[in-house]
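Chemist: Test case, fold it:
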Amino acid sequence: MTSVNGVDSNESTIRAALQEIAKHGGVQLAVFPENVWFLRLVDGEGLPDFSMANRFHQEIQAWVEANDCAVVFGAVPVAQALNSSEDVSGKPYAATAVFEPGRSWHVPYTKLHLFDVDVAGHKPVRESDHLVGGSEPKVWNYRGWKFGCAICYDVRFAELFSVYARAEVDALFLPSAFLVPTGRQHWEILVRARAIESQAYMLAPAQSGDHADQTGRNATVRKTYGRSMVIDPWGRILEAAQVERSGTEILYAELHREEIEKVRKQIPMRDHRRLKLGSEV
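Modeler: Residues are numbered from 1 along each chain as shown. Below is the predicted model of the structure:
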């Protein structure tokens, strides 16, 4: 997707994507990228609170019930009050928001690692200026499947995925909005590596292309790398989107538990682990 800093525009894009998914039929889980509801593009720009978008929540829940399909918004800004009564910074979380049949929307995970970097070829980025980080890994259980949750920059921290591997999750979420310089060099390598070491499917929907400021205050355009991917537990690319291309592209893939069991039987990593979590040199 190519989200922008305009909620109305993004909601229209989401609606159009869901209409296409409904036409396809038979889909049980739809996963959207990071910043799908609002992508911050202007320095100093505030983040709207997704938890206050009640009309949109009702609309998505109605679609979920009608199509018997869960919807995962990879990361949306959610006020801290929804997750922690102790935080008083006033900053929201980057939260994974899940809508599923028969249940009100909820947040199974908040982004652990905030992207505070200075990458050559791109202006410095400091997510901690407007977001607060989460505190722990989380597994979302849905229809007998275990999904390990992560968001974008989290992919660089192997210890997080080690937790999910030990929990023997069936699949991983990695909704993202990768920079172009890092995406060109690291995206595919990291996404496939995390699937291989976790012996699990990887669902990695991504922002892509040129994101234009909707407020008219910023003449420049932010660019993201793109290439949404679905990876199987052996590390094979099942589906992949275009690179650095604007617009919406929907990938469809089938996940099979037998494939997970086959890979884990061939290479029984769970029986070979030697180091305990937290081990240090």
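Chemist: tell me which element residue 55 falls in.
Modeler: Using DSSP states H and E, residue 55 sits in helix 54-67.
Chemist: can you give me phi and psi for residue 270?
Modeler: phi -60, psi -30 (degrees, to the nearest 10).
Chemist: nope, residue 235 is what I meant
Modeler: phi 90, psi 10.
Chemist: Nearest residue to it in space, please, no chain neighbours.
Modeler: residue 196 (4.1 Å; C-beta to C-beta, 6 or more residues apart in numbering). To be clear about C-beta, it is placed using only N, CA and C from the backbone, and glycine gets the same treatment.
Chemist: Make sure I have this right: the one you found is in a helix.
Modeler: Yes. Residue 196 forms part of a helix when assessed by DSSP: H, G, I helix; E, B strand; the rest coil.
Chemist: count of neighbours near it?
Modeler: 19 (other C-beta atoms under 10 Å).
Chemist: Whichever helix or strand comes after the helix holding residue 55 - contacts with which helices or strands?
Modeler: Under the assignment DSSP H and E, the closest C-terminal helix or strand after helix 54-67 is strand 70-78. Strand 70-78 sits against strand 29-34, helix 54-67, strand 93-100, with contacts defined as 3 or more C-beta pairs under 8 Å, 6 or more residues apart in numbering; DSSP states H and E.
Chemist: got JSON lines for the ones you listed, with distance to residue 147, mean neighbour count and mean pLDDT too?
Modeler: Formatted as JSON lines, the helices and strands packed on strand 70-78 follow (distance: least, C-beta to C-beta, whole Å; neighbours: other C-beta atoms under 10 Å; pLDDT from 0 to 100):
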{"stretch": "strand 29-34", "distance to residue 147": "9", "mean neighbour count": "24", "mean pLDDT": "98"}
{"stretch": "helix 54-67", "distance to residue 147": "16", "mean neighbour count": "15", "mean pLDDT": "98"}
{"stretch": "strand 93-100", "distance to residue 147": "9", "mean neighbour count": "25", "mean pLDDT": "97"}
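Chemist: closest to residue 43 out of the ones you listed?
Modeler: Residue 43 lies closest to strand 93-100 among the helices and strands packed on strand 70-78, at 17.7 Å (C-beta to C-beta).
Chemist: what helices or strands is the closest one leaning on?
Modeler: Partner elements for strand 93-100 (3+ C-beta pairs under 8 Å, 6+ apart): helix 54-67, strand 70-78, strand 103-110, strand 139-142.
Chemist: That one relative to strand 70-78, how many degrees between them?
Modeler: Per axes from the mean of the first three to the mean of the last three C-alpha atoms, to 10 degrees, the angle that strand 93-100 makes with strand 70-78 is 150 degrees.
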